[in-house]
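> got a predicted structure here, sequence first:
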Amino acid sequence: EVQLVESGGELVQAGGALRLSCAGSGFTIDDYAIGWFRQAPGKEREGISFITSRHGITYYADSVKGRFTISSDNAKNTVYLQMNSLKPEDTAVYYCAAAGVISSRLLSWEGFDNWGQGTQVTVSS
């Protein structure tokens with residue numbers, strides 16, 4: 001069974017940094033695309049980044065490009081999201097998700113079938 005567990009969310013001041021972790025079990029992250037999404041109160045879920053370790057592909061939404069970096073550690077079966085220069089508008093619940101099929105659908109944030117429970121990130125002004 002594919003399982004994902006996020007961690008690392010907390011309260012941080014604007015301009016600060018956080019690193020989120022997404023630990024996978026029941027599968028090998030190298031065989032999947034792992035994405036990060038977020039959902040702020042009253043807003044739709046937003047795809048912000050994904051990685052396909054096997055192919056060395058990373059992708060970012062414009063809203064986080066240049067501030068966030070996604071990476072993976074296959075030995076730990078974990079994907080990270082380093083978030084720098086945080087803004088109050090980055091406040092959201094952050095989720096990671098796994099996609100078993102690598103295709104152009106990922107560019108539309110589609111195909112992610114397995115989800116973690118989320119971790120809260122709050123950025124104070």
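Done, it's in. Numbering: from 1, shown residues only.

> secondary structure element for the residue nearest to the spatial centre of the chain?
Closest to where the C-alpha atoms of the chain average out (Cα atoms, centre = their mean) is residue 36, at 2.1 Å. Assigned by DSSP states H and E, residue 36 belongs to strand 33-39.

> so what secondary structure elements neighbour that strand?
strand 18-25, strand 46-52, strand 78-83, strand 92-99 (3 or more Cβ pairs under 8 Å, 6 or more residues apart in numbering; DSSP states H and E). The way it works is simple: take the backbone N, C-alpha and C, and place the C-beta from them, glycine included.

> and these as CSV, adding distance to residue 70 and mean pLDDT?
CSV is the format used below for these (distance: least, Cβ to Cβ, whole Å; pLDDT from 0 to 100):
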stretch, distance to residue 70, mean pLDDT
strand 18-25, 10, 98
strand 46-52, 4, 98
strand 78-83, 6, 98
strand 92-99, 10, 98
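
> and these: which comes nearest residue 59?
Residue 59 sits nearest to strand 46-52 of all the helices and strands packed on strand 33-39, at 5.3 Å, using Cβ to Cβ.
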